[in-house]
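J.: got a predicted model here, sequence first, then my questions.
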Amino acid sequence: MRVFRQTALATVSALAMATPAAADDDLRAEALDMFSPVPSTIPAMTDNPITPAKIDLGKALFFDPRMSASGVFSCNSCHNLATGGDDNMPTSIGHGWQKGPRNSPTVLNAVFNEAQFWDGRAEDLKAQAKGPVQAGVEMANTPGNVIATLNSMPQYVDWFKSSFPDEADPVTFDNFAKAIEAYEATLTTPAPFDAFLNGDDAALDEAQKAGLGIFMEKGCASCHNGVNLGGNGYFPFGLIEKPGADVLPPDDRGRFQVTETADDSYVFRAAPLRNIALTAPYFHSGKVWDLEVAVAIMGTSQLGTELNEEEIDSIVAFLGSLTGEVPDVTYPVLPAETSGTPRPTGEVQ
């Protein structure tokens, strides 16, 4: 009788010990139906083979303020790799200290988005790289002036030749964009959530696991899914209930400005959520500074439910598990200017 009792107690103890692991397995299986971990290698780019030389060139161009008309603004100005890949401002400051119309999205993990910008008007990173350079409120430059600037510096010419060895004239605006795309493709940030998806039960604490469950149960993952937990679909902001004009400015109609289709009024690309804890303020308007408030707004406007304080705290805890490891960045030493380098100008057209 004593042996049977000891065996029974051992079985109960084993089951008790197995239960948390089984729960983690169930949670992981459900999560893997909706999300994917960050891959361990650099994603392949369409018509743009990634090479070390091209990555190094793209890095130099990303940090070089001389790609702007004023010589003041670089890609890193609005997509600061030291502050979550954005500039932590409601809307960015650009050429002539003009304010941009929308909040600057993070460049970290942007390679996993199906399209770039809040309205998806750029199909990939190389198309996106051309936009800010030419935008009057951002870098206010022209393709011709960019190429003249690059050709004026022998070191840049050599780097372009090394990056595009099969081209007779490699210093082109298309190759400028391809090099930046190659560098930005390396800016991925594996996070504790990826370790959990890959089988590490201890990668998330209990609060984060509870938040992940609520995130899926409430329907947040309907829009925020895939590798980047967003960035791969377009949805009306205010699907159930439109937020106030302070959060959803009436003069910015989102994807409508791209498609001119009435159904796309106030439709935006779902925001990617990786590193979201680092990238306040939130939404395309950049009007919300607290992540808890942003989660509450999403509950009422997109899900039609008023999340309670405990649910919000749990979801925010889970979102914290998406803060990843940023690649080490050593500031590049840029090529020296020459007498032929175009001079900077702050003139606003």
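T.: Great, that's in hand.

J.: please count neighbours and contacts with C-alpha atoms only from this point.
T.: Will do.

J.: output the below-cut-off pLDDT ranges for the stretch 51-200 of the chain.
T.: For the stretch 51-200 of the chain, no stretch is flagged by pLDDT under 70.

J.: so how far is residue 181 from residue 44?
T.: Separation of residue 44 from residue 181 (Cα to Cα, to the nearest Å): 11 Å.

J.: which of these two has more neighbours?
T.: Ranked by neighbour count (other Cα atoms under 10 Å), residue 44 and residue 181 place residue 181 first, with 27 against 12.

J.: touching, residue 24 and residue 201? I think so.
T.: Yes: at 6.5 Å, residue 24 and residue 201 qualify as touching, with contact defined as Cα atoms under 8 Å.

J.: what's next to stretch 255-262, contact-wise?
T.: 118, 119, 120, 121, 263, 264, 265, 266, 267, 268 (Cα atoms under 8 Å, 6 or more residues apart in numbering).

J.: got the end-to-end distance for that stretch?
T.: End-to-end for stretch 255-262, by Cα to Cα: 10 Å.

J.: quick check: closest non-adjacent residue to residue 116.
T.: residue 122 (5.0 Å; Cα to Cα, 6 or more residues apart in numbering).

J.: how about the contacts made by the one you found?
T.: 115, 116, 128.

J.: what's the closest non-adjacent residue to the first one?
T.: If the residues on either side of it in the chain are set aside, residue 115 comes closest to residue 123, at 4.6 Å by Cα to Cα, 6+ apart.

J.: quick one: secondary structure of residue 299?
T.: Residue 299 falls in the helix class when you classify it by DSSP: H, G, I helix; E, B strand; the rest coil.

J.: for the nearest residue to it once chain neighbours are set aside, grab the count of nearby residues.
T.: Excluding its sequence neighbours, the residue lying closest to residue 299 (Cα to Cα, 6+ apart) is residue 305, at 5.3 Å. For residue 305, the count of nearby residues is 15 (other Cα under 10 Å).

J.: same question for residue 349.
T.: 7.

J.: got it, and residue 269?
T.: Neighbour tally, residue 269, other Cα under 10 Å: 25.

J.: from residue 219, how far out is it?
T.: 17 Å.

J.: same question for residue 325.
T.: Noted for residue 325: a distance of 27 Å to residue 219, by Cα to Cα.

J.: got it, and residue 205?
T.: As for residue 205, its distance to residue 219 is 22 Å (criterion: Cα to Cα).

J.: in this structure, which spans are strands?
T.: 234-236, 267-269 (DSSP state E).

J.: tabulate those strands (TSV), appending mean pLDDT and distance to residue 349.
T.: Formatted as TSV, the strands of the chain follow (pLDDT from 0 to 100; distance: least, Cα to Cα, whole Å):
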stretch	mean pLDDT	distance to residue 349
strand 234-236	97	33
strand 267-269	97	29
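
J.: what residues are up against residue 49?
T.: Contact analysis of residue 49 by Cα under 8 Å, 6+ apart lists nothing.

J.: let's see the pLDDT reported for it.
T.: pLDDT, residue 49: 97.

J.: quick check: phi and psi on it?
T.: phi -60, psi 130 (degrees, to the nearest 10).

J.: so it versus residue 42, what's the distance?
T.: Distance from residue 49 to residue 42, by Cα to Cα: 11 Å.

J.: what residues does the closest residue to residue 133 other than its chain neighbours make contact with?
T.: Closest residue to residue 133 apart from its sequence neighbours, by Cα to Cα, 6+ apart: residue 139 at 4.8 Å. Residue 139 sits next to 67, 68, 69, 70, 73, 74, 94, 95, 132, 133 when contact means Cα under 8 Å, 6+ apart.
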